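Asker: fold the following for me, if possible:
(chains A and B)
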Amino acid sequence: MPSQLEVCEVSVAYGDTTIVHDVSFVLTAGSIGCLLGPSGCGKTTLLRAIAGFEPVARGEVRLHGRLVSEPTNTVPPELRQIGMVFQDFALFPHLSVANNVGFGLRRRSRADRRKRVDELLDLVGLRDAARQFPHELSGGMQQRVALARAMAPRPEILLLDEPFSSMDAELREQLAREVRDVLKREGVTAILVTHDQLEAFAMADLIGVLGHGEVHQWGTGFSLYHEPADRFVADFIGQGVLLPATVHDEIRVKTELGRIAGNHPHGLEPGSAAEVLIRPDDMLYDESSPRKAVVVERAFRGAEFLYTLRLTSGTEVLCLVPSHYRHAIGDEIGVRLQADHLVVFPRDRAPTELPFDGSSTRRNEPDQVDAADVPLADVYEADARR
Amino acid sequence: MLVARCRCGSWFNTGSITTGPVPLPGTAPLNETANAAAPLTGDALSRGASRRAWWPAGVIGIALLLALPVLVVVGFVFVPAGDVWRHLAETVLADYVSNSLLLMLGVAAGTLIGGVGTAWLTSMCRFPGRALFEWALLLPMAMPAYIIAYTYTGMLDFAGPIQTTLRDWTGWGYGDYWFPEIRSLPGAAVMLSLVLYPYVYLLTRAAFLSQSLCVLDVSRTLGNGPWRTFYSVALPLARPAIVAGLSLALMETLADYGTVQYFGVSTFTTGIFRTWFGLGNPAAAAQLSALLLTFVFVLILLERWSRRHARYHHTSQREQSIRGLHLRGWRAALAFTFCLLPLLLGFVLPAGQLGWWSLTVAETRWDGEFVILALNSLGLAAGAALLALLLALLLGYGRRLYPSRSVKSAVRLAGLGYAVPGTVIAVGVLIPFAWIDNSIDAWMRASLGFSTGLLLSGTLTALVFAYMVRFLAVSLQTVESGLGKIRPSMDEAGRSMGYRPSQVLWRIHMPMLRGTLLTALLLVFVDILKELPATLILRPFNFNTLAVRAYELAADERLADSGPAALTIVAAGLLPVILLSRSITRSRHAQSA
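Answerer: From the prediction side, this is the model:
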């Protein structure tokens, strides 16, 4: 597959403040990438550097093999053949929907332009709104116009800057899936910036988690959730707790819920203190289990309850249970651990001395291997025999 | 560049991890694991596209050219003026300073009360006559201060209609009663306020209308009444516009020559005129000008300071139509009177007086000479206003594209001329132009053996150049405030679709700013039509304008004879004012549709 976008050791700085540190990744043609991170992590700055609105302080950006950004030269955005969807859509208020979509097609003949505009309006389902003006449209429709406008000139790459952030939360995921469908149908290479992980999961093939201007991990939504490379990713993606553990041997650790094993060495010294990431879906409700925990909190999620459980040691864990098992706060219920992936971090101090300074030793290399296809850990013992 | 530049430090913890009973704080410092990059030095000036350096160079070049007259004048500070200056300092200087300050104080109070009050009432309240006032309050803009001064002098002097009627009613004779003297400093402050408040009204009203109603509604829901909302939310939000309008009005006040000259109030402008043309000492006049420029500079600093945080973009996605606060009973009557007074005193009465003079007294004054006068004035004003608009776009957009320190200062420099009195600009233009003319003439005579005469000074070029120096600030401020309302993402959207910055300006900003551009054009048009002192000095031989003619007749105490010329200035000034008010109303209807 040819690489459509190459970001190579890019740093971006405002004055003396470095906003983005040494980021590298490659996006193949037709794939959808995502820069995911909390606000202020530098993801938008990185996107703007790719677009050409910000110069890079270090590194290179290549679009379709062409060098477009290096510290000494920034090809201006208008010469990059990019398409961009803005957070506020930036639709031109003085132009109709059709003219907005056709805005980037000025070099085409009138007939060509019209054909392409119609094509895109069909694609986003707005054929009937062609003559309307942006302020007459709903937010979702404006968003689709912005998407059609950015895609019309068949850009080398489509950049989406928090495109759903002004939408209702319940619409976002659905819109993200719709946009993904449209992009895939047109075979567009795209990169999305968002702080919303569900949006990222719904849309992207490959997600990079950014924090403090650095990429912490690249992967699919599945691998980021189940195999976070460090505490930052573990914390940012999904919910969970870190359960105190002791390293048993090179693949197993001991916890108060039993021994857990991974399928590859975790690299920690046997006998040393560690922590294991326990997701709510790793904890199963099992009345027959001898391990008991007390319900401390209960949150109704529709199809399931999210329980906060206190173990005998006082440690609290989260547990997702189908909605028809209803327990009152204070009830003692049976639980067992069924972790498909073992995520272990070293623990330098006693758990009561939190917060950690959080240095992690295990980091995944930025790669594009679909981790979901290569299960890294599928061994568990965790009292499963009982 | 306008993206929120938060540093990584605090962020919301979306996922939640708890280790034991203590929740893990969201800030996990992981920097040490990554490539600890050495501090990078990004050159702020080269941010964005900087290869085509002609735009910033053009901006700086134009600004320097426009600053030339001021630089020439200031340069004269270092030329010894000798006894004349000492004489000035000992005798009249204190008067110039105190009179100018008092005049500014009076005009500031008058225009603020009149301008902000009427802007709030017409934009946020509903009362009988509001629709009329909305546009009619702009009418005094068409009335130059010196012309309103002529009319009130005619109305209020001993032989005028008011004092005559008073004597008829009471039977008093000369010296039996006290009557306020209009030809005085307070009189001048009232005259100037009556015609300058529309600057504040216009800009403040636009600011009120563009305020998101959500913001005002939020204030109401937080328990603030309409008046508290006005003081605590609407007024602070509109402050940049109010200060911009006020600074325009005060600069106009400092630059006024016609009114204070006619009323015999000694201010800087009359003093400069007297020193230069009476005492024949350009150096001392230039030094007086430099002192006046210090005042102006303080004013500009104040204006810039108040606008330091004033990059307000629209935050609401949609602008709702304004519902307005319904006033009834005595409140409605009060609002009606408050809006009626400036309209009546600033336009209806003086215009009526001018009309009366023109109709009855000066029957012989409408002739062919008059048509030429009118065509001269209108053509000159229209052409110069268009040029000013083009330059303003070049500078305003240049500053948006290249917000480097040098470009920003250049744009500021170009806007300084507005505060410089026409007298001073005229002299600052004459000196270098005459020097250039003489140099060219001498060279041509030496090398080719014939004389070129005067090429620049005494031509329309010199006059138009002086107008640019003087009035570019008007169109520049309007254009810049319009550009400030266009979100930066609009520019970026255009750029990302393959448009160069100049194409973005042409295809996106100009259509979006149609109303603003018209405003800029008309404001400058009216200003040039009314301009007196620079035209008086710089006009080509045999080229007369309406303003100059009205001034000459009034100076000869032929007030009634000046009626037709003055009325034509007012009438011509009226057309753009009406157009302006209509375009404002229309654009608002379009928004609320």
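
Asker: low-confidence ranges in chain B?
Answerer: Within chain B, the stretches with pLDDT under 70 are B:1-52, B:81, B:211-215, B:306-324, B:361-366, B:576, B:579-580, B:583-593.

Asker: what's the domain layout of it?
Answerer: Listed domain ranges for chain B are B:79-313+B:320-361, B:362-593 (source: automatic domain parsing).

Asker: residues of the stretch 51-200 of chain A that sit close to chain B?
Answerer: For the stretch 51-200 of chain A, the contact set with chain B under C-beta under 8 Å from any C-beta of the partner chain comprises A:51-55, A:57-58, A:74, A:76-84, A:86-88, A:90, A:92-95, A:103-104, A:106, A:135, A:139, A:149-150, A:153, A:159, A:166, A:195, A:197. The way it works is simple: take the backbone N, C-alpha and C, and place the C-beta from them, glycine included.

Asker: my read: residue B:198 touches residue B:133, true?
Answerer: No. Counting by C-beta atoms under 8 Å, residue B:198 sits too far from residue B:133 to count as a contact (11.9 Å).

Asker: between the two, which one's more packed in?
Answerer: For residue B:198 versus residue B:133, neighbours defined as other C-beta atoms under 10 Å in any protein chain shown are more numerous around residue B:198 (29 against 22).

Asker: residue A:172 is nearest to which of the domains of chain B?
Answerer: With respect to residue A:172, and counting by C-beta to C-beta, the nearest of the domains of chain B is domain B:362-593 at 19.7 Å.

Asker: so is that closest one next to chain A?
Answerer: Yes. Domain B:362-593 reaches chain A (C-beta under 8 Å from any C-beta) through B:487, B:489-490, B:492-500, B:507-508, B:511-512, B:514.

Asker: which among these end up buried?
Answerer: B:489-490, B:492-499, B:507-508, B:512 (16 or more other C-beta atoms under 10 Å in any protein chain shown).

Asker: before we move on, back to that, let me have the domains of chain B in JSON lines, extended by distance to residue B:73.
Answerer: Compiled in JSON lines, the domains of chain B are given as follows (distance: least, C-beta to C-beta, whole Å):
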{"stretch": "domain B:79-313+B:320-361", "distance to residue B:73": "5"}
{"stretch": "domain B:362-593", "distance to residue B:73": "5"}
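
Asker: which of the ones you listed sits closest to residue A:227?
Answerer: Among the domains of chain B, domain B:362-593 sits nearest to residue A:227 (C-beta to C-beta), with 35.4 Å.

Asker: what's the following helix or strand after the helix or strand hosting residue A:244?
Answerer: With elements taken from DSSP states H and E, the one containing residue A:244 is strand A:240-247. Later in the chain than strand A:240-247, the nearest helix or strand by DSSP H and E is strand A:252-255.

Asker: next secondary structure after that next one?
Answerer: strand A:258-261.

Asker: just give me how far the helix or strand just after that following strand sits from the chain centre.
Answerer: Next along the chain after strand A:258-261, taking DSSP H and E as the criterion, comes strand A:273-278. Taking C-alpha atoms, centre = their mean, to the nearest Å, one finds strand A:273-278 lying 23 Å from the centre of the chain it belongs to.

Asker: neighbouring contacts of whatever helix or strand comes next after strand A:273-278?
Answerer: Proceeding N to C from strand A:273-278, the next assigned helix or strand is strand A:283-285, under DSSP H and E. If you take C-beta atoms under 8 Å, 6 or more residues apart in numbering or on different chains as the criterion, strand A:283-285 is touched by A:309, A:317-322, A:325, A:333-338.

Asker: on the C-terminal side of strand A:283-285, identify the next helix or strand.
Answerer: strand A:292-300.

Asker: parallel or antiparallel, list what pairs with that next one.
Answerer: Counting by DSSP bridges, the strands paired with strand A:292-300 are strand A:304-310 (antiparallel), strand A:332-337 (antiparallel).

Asker: next, count neighbours for the residue nearest to residue A:343 when sequence neighbours are not counted.
Answerer: Spatial nearest neighbour of residue A:343, excluding adjacent residues (C-beta to C-beta, 6 or more residues apart in numbering or on different chains): residue A:277 at 3.8 Å. Residues lying near residue A:277 (other C-beta under 10 Å) number 25.

Asker: for the buried ones among the residues of domain B:362-593 next to chain A, which one is nearest residue A:114?
Answerer: Checking these one by one against residue A:114 (C-beta to C-beta), the nearest turns out to be residue B:497, at 17.1 Å.

Asker: residues touching the closest residue to that closest one other than its chain neighbours, list them.
Answerer: Setting aside the residues directly before and after it, residue B:497 is nearest to residue A:104 in space (C-beta to C-beta, 6+ apart), at 3.3 Å. By C-beta under 8 Å, 6+ apart, the residues touching residue A:104 are A:83, A:149-150, A:152-153, B:497-498.
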